[in-house]
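Chemist: any chance you can model this:
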Amino acid sequence: MDNDGLPDDGLPAPDEGLLVTHFLTVRDVARSRRFYSEVIGGQVVLAENPCIVRLANSWIIMNPGGGPTPDKPDITLVPPDDPRTVSAFINLRVADIETCYAQWSAKGAEFLTPPIDRRAELRCYLRDPDGHLIEVGQATGMLKGIYARTDDSAG
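Modeler: Here you go, the predicted model:
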């Protein structure tokens, strides 16, 4: 065991309690693995079947889509097909959004906009190679009790 109570191999397998991982259905596991490790800076824990990348204090688990299985008999997994419609996204909180924006852009990340001041935070979004939306935010105003206006849309 390492000092965070997880196996030395870094797999998301706690001795007790629970931890959160995020599963992504991807079109090309190798391409997604490169994005989450080389661009975003995660650590590859398992390369395939499924691919697992440790990202800070969480894990991204990736596999290709597929049909129903005995434990999800009526569910088919598919990557996003319309980038304008999103029901869930990854939210990354960073200490220095300008540095992340510059470094990740230089490595090929394509942000929707540069970081924007939203009063409570600086925030911007990018997509992974399959179109999964990723929010990148840095707390600013919220650290001083300044939050988003109530007329700002959620998310």
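Chemist: nearest residue to L24 in space, please, no chain neighbours.
Modeler: M62 (4.9 Å; CB to CB, 6 or more residues apart in numbering). Using the backbone N, CA and C atoms, a C-beta is placed for each residue, glycine as well.
Chemist: could you pull up the mean pLDDT of the helix or strand hosting the one you found?
Modeler: Following DSSP states H and E, one finds M62 within strand 58-64. For strand 58-64, mean pLDDT rounds to 96.
Chemist: what comes up buried for it?
Modeler: Using 16 or more other CB atoms under 10 Å as the test for burial, strand 58-64 gives W59, I60, M62, N63, P64.
Chemist: quick one: the strands in the chain?
Modeler: Counting by DSSP state E, one finds strands in the chain at the ranges 21-26, 43-46, 51-55, 58-64, 90-93, 116-117, 121-127, 133-139.
Chemist: go through the ones you listed and pick out the most buried.
Modeler: Of all the strands of the chain, strand 51-55 has the most neighbours on average by mean count of other CB atoms under 10 Å, namely a mean of 22.
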